Each structure stands twice: as structure tokens, then as C-alpha cells.
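Participant: Quick one: sequence and predicted model below, then my questions.
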Amino acid sequence: MRLSVLDQSPIISGHTAAQAVAETIKLAQAAEQLGYYRYWLAEHHALQALADPCPEILVTRVAAATSTIRVGTGGILLPYYSPLKVAEQFRMLEALFPQRIDLGLGRAPGGDQITALAIGQGQYMPGERLPSEHALAEQFGVNRHTIRRSLANLGQRGLVRSTQGRGTFVEAFAVDLALGKRTRHRQGLAQAGVRGALQIIHSETVQANADQAQALGVALGSPLLYLQVLGEGAGQPLHVSERYFPLPRFAKLSDVVQSSGSITEAFAQHGVSDYLRQESRISARLPNADVAALLSQASTRPVLRVSSLNVDTQGVPIEWALTWFAGDRVTLTVKHDEL
């Protein structure tokens, strides 16, 4: 009979999350020595007693610290993520640790069940009143005490506010993103305490029009790689962009972005280890129907449009983009000390 371990990485009283993770690694090594077949890591959110909200990251560390035991997730909570991104992450893990990686999936949001549905997926909009505790308890199939604890946690995180006699209301969700000399999507989200990635919606080769040719310093009609990209954060669409890259220099860039979710990583694999934002032009306008649909918002709600140009360290243009940010989910901060 094959025996396996499911580890929730509990934080013992008086210990830290770092210590809990270290104990997880030690336990995995011990399980391997004792002949256990599989070691799975659980995903939990908004629970101070458990240390692992990111099993896909901890899987890498545990697999590297062991040699034969299978390592996996039990499971990745899909309501928080793009399924394609999860598949690509585990394809990479399988390449790093062949025949040792398991992918377990979960449909429940986990921990604070209201966060994913009411806030993360945008079912309830900023300013909207949530249903009663009784109605939420029936919706999620839990008791009212669980709902009460969830609402209290959401309040501590600033996602909802409760007013006596009026009910509980969703607070405005806004990610503060910085525009400066080095503007990076994933890094900006990390600094805001939010997880997210880029997802390619469409890719093709186009001929440069007058605006694109002037911005990128190429001849009119030159071939360009065109990407339509959706930027997500905290389970919500934050921006959609149209990006243009000169060819043949970035011929494989689309494949790398698709697998890594990062344009910075794609540039690095094309020999551009660093790049700078030369210009950002910001304007407010109403989105067209396609942009509004991708941002999951009404076309009557304004967006922030940013026209940007990135150059390599030699000053050669490498990317020109038009990006539409959801106006009520994003705050753009211009870093003057980085301009």
C-alpha cells in the first residue's frame, strides 16, 4: 500500500511562517526516507495559522530538497487563477523535476470563501451591499459563524466595511501601480501585495502603420509582432493592452510570454536583460466594447489609457504599447524620481 502526506504547513504557536515552511521541508525529507510515495501541499488563504497560500512555489523548494518522492498540490484553488497559467506553471515544474510532480486542483476558494466570489471575481461591485449573513451562509453551505469570521477578516483587509443598521458594503478595490523608469507588471503587483500575471489573448504579425513606425524607429510597413494582452491581479482584470515589437528581433517573444506570463522574462530570453520606460502618456476616456468586455466593466465607465514606449539600455525602441486600465481598480502613481 502506498502512503502519502498532505501538509498544510501549520504555524505552531510562537513560531513564524518561515519556521513553518522550514518544518515542511524537513517533514518532506523524512517522509522520503521512510518510503512515502507522495507529498502534497495544501493551499489556504486568509488563515493566520497556516503558512502556505502558494503551493506552486513551495512545491519547487520541496522537490529540490528531495530526490525521489512525488511532490504536488492538494490543491491549487482555480477560482483565484487563470487555468492556462496554472497549466504552464506545472508544465515547467514537470520539466524541472521529471516524473515527480502532481497537480491537484480545487474548486472552492478556500479559507475565506467570500473573498474569491464577492470581491475577487467582481460579483459584488464597490459600494454594493452584501447579502445578509443568513443568505451568504446558505449560498456557501456553511454556518453563520463561518460567514461572520470571513466578513471580519475582509474588514481587517479593507475589502468591506460594516455599518450598524445598514449592512456590509464592498469597499473600492484599487491596486496602486507605479509608472517610472522601470515599469514591470509583476513587480508592481508584488509591491502592492497582489498576485497576478499577463495572458496573451491574440498574437499575429502586422505591418507597421505611421504611428507604430515612428515610435519604434522602423520603416513604414515593417513587420511587427502584435500582442493583445490581458493583465490580471487578485483574480480581476486590471488592464488590457495592444503591444508592438520589432521583428525579427523578438520573433519568439509570444511563446515565452505565453509560458511565463512575463514580458520581462521574454525580453531576457531575447538578450534584453534590462530596459527602460522612455515615455508614458496618460489620458482618460471611455472604452470601446471589446476593451470593456475584456475588463469586465460597462462601456460607460471610464478607463485610463497609457501610451508607452520602452527602450533597451542602448536607447533602441523595443516595445510600443497602448494600455487601457480599469479606472476603478487601478491607481497609477508616476515616480518622478525615476523619470
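Facilitator: Cool, got the structure.
Participant: Please enumerate the helices of the protein.
Facilitator: 17-33, 55-65, 83-96, 113-114, 133-140, 144-156, 185-191, 210-216, 253-260, 263-269, 289-294 (DSSP state H).
Participant: can you pull the buried residues of the longest one?
Facilitator: Using 16 or more other CB atoms under 10 Å as the burial criterion, the residues of helix 17-33 that qualify are 20-21, 23-25, 27-29, 31-32. In short, each C-beta sits where N, CA and C put it, glycine included.
Participant: quick one: which of the residues you listed is nearest to L332?
Facilitator: V21 (34.4 Å; CB to CB).
Participant: Please tell me how far the closest one sits from T68.
Facilitator: From V21 across to T68, the span is 21 Å (CB to CB, to the nearest Å).
Participant: Repeat that for G217.
Facilitator: 54 Å.
Participant: try T264
Facilitator: The span separating T264 from T68 equals 35 Å under the rule CB to CB.
Participant: So the two - more neighbours on which side?
Facilitator: T264 (19 against 10; other CB atoms under 10 Å).
Participant: which residues touch the nearest residue to V71 once chain neighbours are set aside?
Facilitator: Among residues not flanking V71 along the chain, A63 sits closest, at 4.5 Å (CB to CB, 6 or more residues apart in numbering). For A63, the contacting residues are 71, 93, 96-97, 100-101, by CB atoms under 8 Å, 6 or more residues apart in numbering.
Participant: now do A65
Facilitator: Contacts of A65 (CB under 8 Å, 6+ apart): 25, 28-29.
Participant: top of the contacts of A63 by neighbour count?
Facilitator: Busiest of the contacts of A63 [other CB under 10 Å] is V71, holding 25 neighbours.
Participant: in the sheet, who's paired with it?
Facilitator: Y39, I101 (DSSP bridges).
Participant: Distance check, it against I101.
Facilitator: For V71 relative to I101 (CB to CB), the value is 6 Å.
Participant: Also R161?
Facilitator: From R161 to I101 the distance is 42 Å (CB to CB).
Participant: Once you drop chain neighbours, what's closest to S259?
Facilitator: Once flanking residues are discounted, S259 sits nearest to E88: 5.0 Å by CB to CB, 6+ apart.
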